[in-house]
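Chemist: I'd like to go over a predicted model; first the sequence, then the structure.
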Number of protein chains: 2
Amino acid sequence: MTVSRVVTKKGRVAPKTVAKVSRVIEELGYVPDLNAGGLSSRNSGFVAVLVPSIDNSNFAQQARGITDALTKNGLQILLGSTDFSIEREETVLGTMLRRRPDGVILTGGNHTEGSRRMLENAGIPVVETWDLPRQPIDHVVGFSNIAIAQAMVDHLHERGYRHIGFIGSSSASDTRGADRERGFSEALRKHALDDSRVIRLGAPPIPVEQGGEAIVEMLRRWPDTDAVMFVSDRTAFGAMQECLRRGWPVPERVAIAGFGNFDMARNCHPRITTTSIDCYEMGRFAAERIISAGTQLADGVSVEPEIIMIPYRILARQTT
Amino acid sequence: MTVSRVVTKKGRVAPKTVAKVSRVIEELGYVPDLNAGGLSSRNSGFVAVLVPSIDNSNFAQQARGITDALTKNGLQILLGSTDFSIEREETVLGTMLRRRPDGVILTGGNHTEGSRRMLENAGIPVVETWDLPRQPIDHVVGFSNIAIAQAMVDHLHERGYRHIGFIGSSSASDTRGADRERGFSEALRKHALDDSRVIRLGAPPIPVEQGGEAIVEMLRRWPDTDAVMFVSDRTAFGAMQECLRRGWPVPERVAIAGFGNFDMARNCHPRITTTSIDCYEMGRFAAERIISAGTQLADGVSVEPEIIMIPYRILARQTT
DNA sequence: CCACATTAAGTTAACGTTAACATCACAGCT
DNA sequence: AGCTGTGATGTTAACGTTAACTTAATGTGG
């Protein structure tokens, strides 16, 4: 028990006992077993994090923000990817809940019935990110994909573009992509413009190359298109490079706008106009929400679900 | 005990008992506790994976390969990033070992004394990736960064370039980057060419922009440079975009070669010549090595450390 | 019909830790 | 001296599972 107190730094131990225990720990190479500790203390020290894909700078940065906040509080991240599918999300979530996480951070507001039920039963804080769900499970740290797309249309409109197209995704479970398309349509109608120029590629992650193919198709079907919004910087980048290849000047022949402020969009020539949200901060806030909800729960205080809005910015650059 | 047998599918249970137990599990929403299970059975079901950065397509793909192989075998990944520092690696490794992983997958062959000692004491299979260490800890699934850089120099030489520079990193702990620089020098000397055109940027991850600044500096200091090799596609991409911005034709004014076959290098215009290794496969092999070593260990068979070489390819594209 | 194998299910004692409570030594006070 | 409070350490019983063993029930061959 004294060793436990020394290791966890909880409770009082005489300084010289601390020294003695520390020395023996060092000598023996003793490594405390957090799984056993969690079993006894009924909190595992894990926070489960589910992202659509780990191979995506935005989600990776979010994961970093989460990790940093958790580490500071002695917690560990349990990371899983759902491949942009809510069915896979349910499977992965099921696996993760076997580790008795102290909280769960999800991406998006669209989940299977099964996932919602499991989370209900688990009785732990949940944070949904990247979205503003109509029926939040618990806490939310996100932003409106509709509003952000509308803001981008406003930007294009302001720059004088009037024949604007959208190249997005077509997966039923990609509600974030669908929301961006919805924001696109609503904003165009607000400006009394035609919102029919839409091409839907497959389910995310959409390969970069397809952005190139899609803009060619767009300009073939609607040759007077003067600006195209993309669901992601990756496709926007693919499109712009294809324009370069074909000698179509950007933005003179067609303006291009992306989403997500990826490295490639920020650094290419010309630099791609895009939207930026601080994914690292979103992760950090989400983790902090889990932590504070967790301590409140431990103190027997009832926790009010909270909705935290992450600000977004339109980064007007050279392609518009 | 019967429930345990049903859940783990180990040992024989009468079919109708299985049905009954399954029904009750469903009814109760029972979720088995893998931490407790691991405590009892003395294997946690975790494999610890340490990568320099999660926000890097190559490492993310490796992690995917690992996850896929582990999932197939009922194991879970415990992912941590070291920020390209072996000191941080030691810290993170220490934290992870508290979860009693059944194996560890590391990046690179350069580790602190502390890390090596901890791994020794842990007595679990270890796989080093991304390198061919002189003194492997245990298993290796990697490739020679020296050889790959030499192959790239050979490619440039074959294309007729004779004034070749290298833009790399300068961190002491980035031995993979240092190896690539070494391969560069050795190959140039083999061809009786000058190997002094080297610019070392800071510690990885090197921002994309610095690639641009570095190539400007390179051509200022050594104006007759006709080709530049980069330690990574990211910096190569930054350099190429800067050339575009300045109206320097690539590869006519200067040829550019990267490393890693990133999305941005593959899809930009002109497409960047680079090297490619299959990170997903490297991850998969590493995980499979952990698994087979683990089962051998459980059967009391002594495990011979194995070295698996991952093939690399030079992708000759438009920038050379 | 019995000895013996096989299959199914149950019992016990760990695994390594911590919550909760108990004890002990000693200082400070009346 | 006796009482009280406090700080330091010790004891016990859990946490949820599984390894290893035991028991019970059911066949099977001579």
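Modeler: Structure's in. What do you need? Numbers count the residues shown, from 1 in each chain, chains lettered A, B, ... in the order given.

Chemist: for the stretch 51-200 of chain A, which residues are neighbours of DNA strand C?
Modeler: Within reach of DNA strand C by C-beta under 7 Å from any atom of the strand, the stretch 51-200 of chain A has no residues at all. Every residue, glycine included, has its C-beta placed from N, CA and C.

Chemist: OK, contacts around residue A:218?
Modeler: A:165, A:167, A:197, A:199, A:225, A:228 (C-beta atoms under 8 Å, 6 or more residues apart in numbering or on different chains).

Chemist: could you check the pLDDT of it?
Modeler: At residue A:218, the model reports a pLDDT of 98.

Chemist: coming back round to it: adding secondary structure, write the contacts of residue A:218 out as TSV.
Modeler: Shown next, in TSV, are these (DSSP: H, G, I helix; E, B strand; the rest coil):
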residue	secondary structure
A:165	strand
A:167	strand
A:197	coil
A:199	strand
A:225	coil
A:228	strand
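
Chemist: ok, and the most crowded of those?
Modeler: residue A:228 (32 neighbours; other C-beta atoms under 10 Å in any protein chain shown).

Chemist: by contact count, what packs against the lengthiest helix in chain A?
Modeler: Ranked by residue count, the top helix of chain A under DSSP state H comes out as helix A:279-298. Taking 3 or more C-beta pairs under 8 Å, 6 or more residues apart in numbering or on different chains; DSSP states H and E as contact, the helices and strands that helix A:279-298 lies on are helix A:57-72, strand A:103-107, strand A:126-129, strand A:139-142.

Chemist: nearest to DNA strand D, out of the ones you listed?
Modeler: Among the helices and strands packed on helix A:279-298, strand A:103-107 comes nearest to DNA strand D, with 17.8 Å by C-beta to the nearest atom of the strand.

Chemist: give me the domain ranges for chain A.
Modeler: What automatic domain parsing lists as the domains of chain A is A:1-32, A:44-143+A:280-312, A:145-276.

Chemist: of all the residues in stretch A:284-297, which ones are buried?
Modeler: For stretch A:284-297, burial by neighbour count (16 or more other C-beta atoms under 10 Å in any protein chain shown) applies to A:284-291, A:293-294, A:297.

Chemist: which positions in the stretch 101-250 of chain A make contact with chain B?
Modeler: A:117-118, A:121-122, A:208-209, A:212, A:234, A:237-238, A:241-242, A:244-245 (C-beta under 8 Å from any C-beta of the partner chain).

Chemist: if we go to 10 Å?
Modeler: A:117-118, A:120-122, A:207-209, A:211-212, A:234, A:237-238, A:240-246 (C-beta under 10 Å from any C-beta of the partner chain).

Chemist: and the pLDDT at the residue in the stretch 201-320 of chain A that DNA strand D sits nearest to?
Modeler: Nearest residue of the stretch 201-320 of chain A to DNA strand D: residue A:298, at 15.6 Å (C-beta to the nearest atom of the strand). As predicted, residue A:298 sits at a pLDDT of 87.

Chemist: same check on residue A:267?
Modeler: According to the model, residue A:267 scores 97 on pLDDT.

Chemist: swap in residue A:28?
Modeler: pLDDT, read off for residue A:28, is 94.

Chemist: so it is in contact with residue B:121, correct?
Modeler: Yes - between residue A:28 and residue B:121 there is a contact under C-beta atoms under 10 Å: 9.4 Å.

Chemist: and those two? Which one has more around it.
Modeler: Comparing residue A:28 with residue B:121 by other C-beta under 10 Å, the one with more neighbours is residue B:121, at 13 against 9.

Chemist: how many neighbours does the residue of the stretch 201-320 of chain A closest to DNA strand D have?
Modeler: Neighbours of residue A:298 using other C-beta under 10 Å come to 11.

Chemist: count of residues packed around the closest residue to it other than its chain neighbours?
Modeler: In space, and not counting its chain neighbours, residue A:298 is closest to residue A:43: 7.9 Å by C-beta to C-beta, 6 or more residues apart in numbering or on different chains. Residues near residue A:43, counting by other C-beta under 10 Å, number 18.

Chemist: I figured residue A:43 hits residue A:125, correct?
Modeler: No - Residue A:43 sits out of contact with residue A:125 when judged by C-beta under 10 Å, with a separation of 11.6 Å.

Chemist: common neighbours of the two, please.
Modeler: The contact sets of residue A:43 and residue A:125 overlap at A:101-103, A:294, A:297 (C-beta atoms under 10 Å, 6 or more residues apart in numbering or on different chains).

Chemist: pipe the residues you listed into TSV and attach distance to residue A:50 per row.
Modeler: Below are the shared contacts of residue A:43 and residue A:125 laid out as TSV (distance: C-beta to C-beta, whole Å):
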residue	distance to residue A:50
A:101	11
A:102	15
A:103	12
A:294	18
A:297	21
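
Chemist: what about residue A:35, neighbour count?
Modeler: For residue A:35, using other C-beta under 10 Å, the count is 26.

Chemist: which SSE is it in?
Modeler: Following DSSP states H and E, one finds residue A:35 within helix A:34-41.

Chemist: okay, buried residues for that helix please.
Modeler: A:34-35, A:37-39.

Chemist: over to stretch A:86-94?
Modeler: Quick answer for stretch A:86-94 (16+ other C-beta under 10 Å): A:86, A:88-93.

Chemist: nearest to DNA strand C among those residues?
Modeler: residue A:93 (25.3 Å).

Chemist: please report how far that closest one lies from residue A:75.
Modeler: For residue A:93, the distance to residue A:75 equals 18 Å [C-beta to C-beta, to the nearest Å].

Chemist: returning to what we had before: residues contacting the residue nearest to residue A:298?
Modeler: Applying C-beta under 10 Å, 6+ apart, the residues near residue A:43 are A:37, A:75, A:100-103, A:124, A:294, A:297-298.

Chemist: tell me which two of these sit farthest apart.
Modeler: Maximum pairwise distance among the contacts of residue A:43 (C-beta to C-beta): 18.8 Å, between A:37 and A:297.

Chemist: where does residue A:25 land in three-state SS?
Modeler: Under three-state DSSP, residue A:25 comes out as helix.

Chemist: residue contacts, it?
Modeler: A:3, A:6-7, A:31-32.

Chemist: circling back: from the buried residues of stretch A:86-94, which ones fall inside helices?
Modeler: A:86, A:88-93.
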